[in-house]
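S.K.: Make a model of this:
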Amino acid sequence: KATVSVLYWDKMGRHDEENSGLVNSHDGLVDEGSTVMWLALLATSCATFTFGFTLGFTSPVFTPDGNTTCFDPPCSSQFEHYLDREMNLTADQTTWFSSVVNLGAGGFAIFGGNPVDRFGKKWGMVAAHLLFLTGWALLLSAKSVPEDDSNTSTVAQLYMSRVIQGFGIGMVCCSVGNYQTEICTLKLRGVFGSCFQIAIVLGIFTVYGLGLKIHWRTLCMVVMSVEGVGLFLTFFLPESPVWLLGKGRREDAELALMSFRTKDSSIEKIMANMAAVVDKNSDKKEGGFKDLLVAPRLKALCIGVGLMFVQQLSGINAVMFYANKILGNVWSDPDTVNNYALGAQGMQLAVTVAVSPFMDKAGRRPLLIAACVGMVISCGVMNAFFFYSDTTKPAFAVIGFYAYIASFAMGMGAIPWFIMGEIFHPEVKGISSSVATAFNWSLSFAVTKTIQNLVDAFSDDENVGMGWVFTLYGSVCFVGIAFVFFCIPETKGKPYEQVEAELLGNTGYVAVEADDDEY
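M.R.: Next comes the predicted model:
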């Protein structure tokens, strides 16, 4: 029985278009989406929204300056709605709470592809919604811990809730993006692909904004409501027609496709195109680790892992997870801190939306280099502020902080995942993506867990320690400039054969007809 090759979806939603069952439009083909298709986008976007909401949750719910020992008025009333205060968490416990979500996400992003391939993308999405609901319900039900009581059992519950939320993120990576691309029309493929990343950023922006005004338990109820809507809608969605074709269920695939298209659409032609791609992919050999040792494939993997190294060790997740704590070293007023953190997320959302159309116009390398240069400069600004905080105006920190996030959103966020989809050989694309994804989530865990340890290790002065941390992040970004310039080929508009030739050092490329058995 024919099966569809499933690419393990990365955390940024990068899709393997070759295995999507979607091909370029033909003359006379009518391909228009129905209301069901747009409802499917809404249902799946609920999951990616929660993805972002989960990542951004820790920033607004922790005390901005990390002060968990101030129990006397007016300090106690000022911080009473923060999770770390209510649960009597230590600084180390807050970093574990923030970082363990990466472990759950990494595990499911790597291994979740097999059950999704077996049971279907729809049920993978149902599982993601259920995991999110379970994780958030577990967090919501955690009991408050009085000042002098032990919080051991509560802390274990908090950690478990974050791990389960991470499982939900991993399942989203395995199912949602593929499903979105496989059900949409040809002309909306780019729009649906962009919606994945935009919904994540919107989730981060929302949790920052609501965190300004409402209790952290209310935040839990808000995201559970979104997940309830997503779960309800997902139950009534048809399965991906591409997945159904891969399982030999052509009649079911045709019925599903008819649900996602208007009556005027060329169902038979679209089905024929999908079936041709599925039949071609069913004959492909799936490579293992030994197949990665071939020169261009190993070099491509090193490039992918190198991009993940720069992306994560630039410190982005530490900044995102602890934005309020970092800005809490700039201002003492929590409302001011929250407002500037919210503004940063709003800017990230705007830059993400604005840059999306330029990825195929400007090229991958120019945007990556520009992003790294911008992050080096902004880290230098943050470094200078924290080293000379007594004499430097807060506006200096705002400029550096906002420039850092804008630079990352401009290129270093999504483009590394795009490049990996373009440089990995089809035979080892699945395993290469798994290795790079595992490396990415592992680094994300390490960065978010160690930021406070680094601050303390660099200096007894909180501001000086933070300055050295940004020096470290900026140094990684500086290395990233050289790495992109000397090691990464431009992949915009190039077939894989040309990219492979360039990886081998062959600058002269002659287009030839690919062997279907290999490509």
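
S.K.: Roughly how far does the closest residue to Val100 other than its chain neighbours sit from Leu245?
M.R.: Leaving aside its sequence neighbours, Val100 sits nearest to Arg162 (Cβ to Cβ, 6 or more residues apart in numbering; 4.9 Å). C-beta here means a position set from N, CA and C on the backbone, and glycine is covered the same way. Arg162 sits 38 Å away from Leu245, going by Cβ to Cβ, to the nearest Å.

S.K.: same question, Ile200
M.R.: Distance from Ile200 to Leu245, counting by Cβ to Cβ: 29 Å.

S.K.: Which one of those two is surrounded by more residues?
M.R.: Taking neighbours as other Cβ atoms under 10 Å, Ile200 and Leu245 compare with Ile200 leading, 29 against 26.

S.K.: Could you find the closest non-adjacent residue to that one?
M.R.: When the adjacent residues along the chain are set aside, Ile200 lies closest to Gly52, with 3.8 Å between them (Cβ to Cβ, 6+ apart).

S.K.: State the helix or strand in which that neighbour lies.
M.R.: Under the criterion of DSSP states H and E, Gly52 resides in helix 35-56.

S.K.: Show the average pLDDT along that helix.
M.R.: For helix 35-56, the mean pLDDT works out to 93.

S.K.: ditto for stretch 400-415
M.R.: The pLDDT scores in stretch 400-415 average 89.

S.K.: Kindly check the end-to-end length of that stretch for me.
M.R.: End-to-end distance for stretch 400-415, by Cα to Cα, to the nearest Å: 22 Å.

S.K.: Buried residues in that stretch, which are they?
M.R.: Of the residues in stretch 400-415, those buried by neighbour count under the rule 16 or more other Cβ atoms under 10 Å are 400-415.

S.K.: In helices, which of those fall?
M.R.: When these are checked against helices using DSSP state H, the ones located there are 400-407, 415.

S.K.: Going by distance to Val229, which of the residues you listed wins?
M.R.: The shortest approach to Val229 among those belongs to Ile405, at 29.2 Å (Cβ to Cβ).

S.K.: Against Ser59, how distant is the closest one?
M.R.: Using Cβ to Cβ, one obtains 12 Å as the distance from Ile405 to Ser59.

S.K.: Any stretches of the stretch 101-250 of the chain with poor pLDDT?
M.R.: Segments of the stretch 101-250 of the chain classed as low confidence (criterion: pLDDT under 70) are 190.

S.K.: let's see it at 90
M.R.: Under the criterion of pLDDT under 90, the regions of the stretch 101-250 of the chain flagged as low confidence span 104-121, 144-153, 170-198, 200-201, 205, 208-209, 211-214, 240-243, 245-250.

S.K.: Equivalent analysis for the stretch 301-450 of the chain, please.
M.R.: Those would be 317-364, 387-398, 409-438, 440-441, 448-450, if you go by pLDDT under 90 across the stretch 301-450 of the chain.

S.K.: Mind jotting down where the helices sit in it?
M.R.: Counting by DSSP state H, counting those that start in this stretch, the stretch 301-450 of the chain has helices at residues 316-321, 323-328, 334-355, 359-362, 364-387, 394-407, 415-423, 429-458.

S.K.: among the ones you listed, which is nearest Val222?
M.R.: Of the helices of the stretch 301-450 of the chain, nearest to Val222 by Cβ to Cβ is helix 334-355, at 15.6 Å.

S.K.: surely Asn151 meets Val145?
M.R.: Yes - A contact is recorded between Asn151 and Val145 when judged using Cβ atoms under 8 Å, the distance being 4.1 Å.

S.K.: Give the residues shared as contacts by those two.
M.R.: Residues within reach of Asn151 and of Val145 at once, by Cβ atoms under 8 Å, 6 or more residues apart in numbering, are 87-88.

S.K.: before we move on, the earlier item: looking at the buried residues of stretch 400-415, which one is closest to Asp31?
M.R.: For these, the nearest to Asp31 is Ala414 (25.8 Å; Cβ to Cβ).
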